[in-house]
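Colleague: Curious how this folds, go ahead:
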Amino acid sequence: MNPGIRLVPIWLLAALPPLFWAGNFVLARALHMEITPIALSFWRWAIALLILLPFVYSGLWQQRRLLLRHWPVLTLFAVLGVTNYNTFAYLGLQHTTATNGVLLSSVTPVVIVALSFLLFRVPLRGTQLFGILLSLAGVVLIATEGRPQMLAELEINRGDLWILAASLDWALYSVFLRWRPAGLEAKTFLTAIIAIGLLPLAVLYAWDLAAGHRFALDATNLAAIGYVALFPSVLAYVFWNRAVAEMGPNRTGQYLHLMPAFGAALAILLLGERLQGFHLAGAVMIAVGIVLATFNRRRNA
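Modeller: Alright, predicted model coming up:
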């Protein structure tokens, strides 16, 4: 581990990743007219891979047989965690606000609880079920801008639907982590799924270029790509793993609830977005639902 990380307070290491991830949403929304979702996703992971390779090359070589043996499940993780997730989120931010994006994505912990029950029959208590339903009601409130009747009229913003698809995708990735190959180092696992996930992204990016989509190589766009490659991809991962090692997954996981607050604040300050009443009401419903849906798991952990 980098000795410099030892000098950073552990609470700060846990709080910075949600800030970096919130910045990812806000930045993608700010540049949605400049860089296509596929281009941003491709270059984010391509540069992140280049940053990681010098530090993990030996590990990749030493564990090459383990990687080859488990390539099917690694491909699953790569498609869900690298190819799909950010591409879906960036597609959503083409059509919805950054505020909506971070608030809707905050429902992911509840989706994880629901999928754990549906796919693996992890016990689900009545309070957890109520929490899931309450969080989903909060999602509906935000997605319909406080007018649930829009559901019957099929008028939900397609950007919000892409954000929800990204949340479902990440929840699937999370519940499937039980299949992560034993003995595979964390940094080797991350680098491997980035490399695999880049393959379909490269095909999509080639299609994107063939369609005539280009972005200007100016300072703003290059800085944006550098940010999403370094901060929410590499540094967030390093900091988060260190925080989990020091504080445990349950305590560290609570810092994820900072992401909606960081995201809304950044969207208001940098993009001039306005926080509406339905945002606040929906966020409260989602937050209370998360507490109810995850309380039993934290208590028994």
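Colleague: can you count the residues close to residue 37?
Modeller: The number of residues packed near residue 37 is 21, by other CB atoms under 10 Å. C-beta: built from backbone N, CA, C; applies to glycine.
Colleague: looking at it, it is touching residue 91, isn't it?
Modeller: Yes. Residue 37 sits in contact with residue 91 when judged by CB atoms under 8 Å, with a separation of 4.6 Å.
Colleague: While we're on the closest residue to residue 243 other than its chain neighbours, how confident is the model there?
Modeller: Nearest residue to residue 243 in three dimensions, chain neighbours excluded: residue 14, at 3.8 Å (CB to CB, 6 or more residues apart in numbering). Looking at residue 14, its pLDDT is 89.
Colleague: Could you count how many residues lie near residue 14?
Modeller: Using other CB under 10 Å, residue 14 has 23 neighbouring residues.
Colleague: Can you tell me the SS state at residue 95?
Modeller: Of the three states, residue 95 takes coil under DSSP: H, G, I helix; E, B strand; the rest coil.
Colleague: Verify the stated contact: it with residue 101.
Modeller: No. With contacts counted by CB under 8 Å, residue 95 stays clear of residue 101, the gap being 10.1 Å.
Colleague: quick one: which of those two has more around it?
Modeller: Counted by other CB under 10 Å, residue 95 and residue 101 do not tie: residue 101 has more neighbours, with 28 against 16.
Colleague: State the mean pLDDT of the strand or helix carrying the more buried one.
Modeller: Here residue 101 sits within helix 98-105, counting by DSSP states H and E. What helix 98-105 shows for mean pLDDT is 92.
Colleague: Tell me how far the helix or strand following it lies from the chain's centre.
Modeller: Next along the chain after helix 98-105, taking DSSP H and E as the criterion, comes helix 108-120. Relative to the chain's own centre, helix 108-120 is displaced by 16 Å; criterion: CA atoms, centre = their mean, to the nearest Å.
Colleague: all numbers from here: first residue = 186
Modeller: Okay, using 186 as the starting number, the last item reads as helix 293-305.
Colleague: Show me what helix 293-305 is packed up against.
Modeller: When contacts are defined as 3 or more CB pairs under 8 Å, 6 or more residues apart in numbering; DSSP states H and E, helix 293-305 packs onto helix 311-328, helix 343-360, helix 462-485.
Colleague: Buried ones in the second one, by neighbour count?
Modeller: Using 16 or more other CB atoms under 10 Å as the burial criterion, the residues of helix 343-360 that qualify are 344-360.
Colleague: One more: stretch 247-265?
Modeller: Buried positions in stretch 247-265, judged by neighbour count with 16+ other CB under 10 Å: 248, 251-252, 255, 259-265.
Colleague: picking that back up, I'd like to know which of the helices and strands packed on helix 293-305 is closest to residue 425.
Modeller: Residue 425 sits nearest to helix 343-360 of all those, at 13.3 Å, using CB to CB.
Colleague: same question for the very next helix or strand once past the closest one, mean pLDDT?
Modeller: With elements assigned by DSSP H and E, the helix or strand that comes after helix 343-360 is helix 371-395. Per-region confidence: helix 371-395 scores 96 on mean pLDDT.
Colleague: Distance from the chain centre to helix 371-395, please.
Modeller: Here helix 371-395 is found 16 Å from its chain centre; the criterion is CA atoms, centre = their mean.
Colleague: what angle sits between that helix and helix 343-360?
Modeller: 150 degrees (axes from the mean of the first three to the mean of the last three CA atoms, to 10 degrees).
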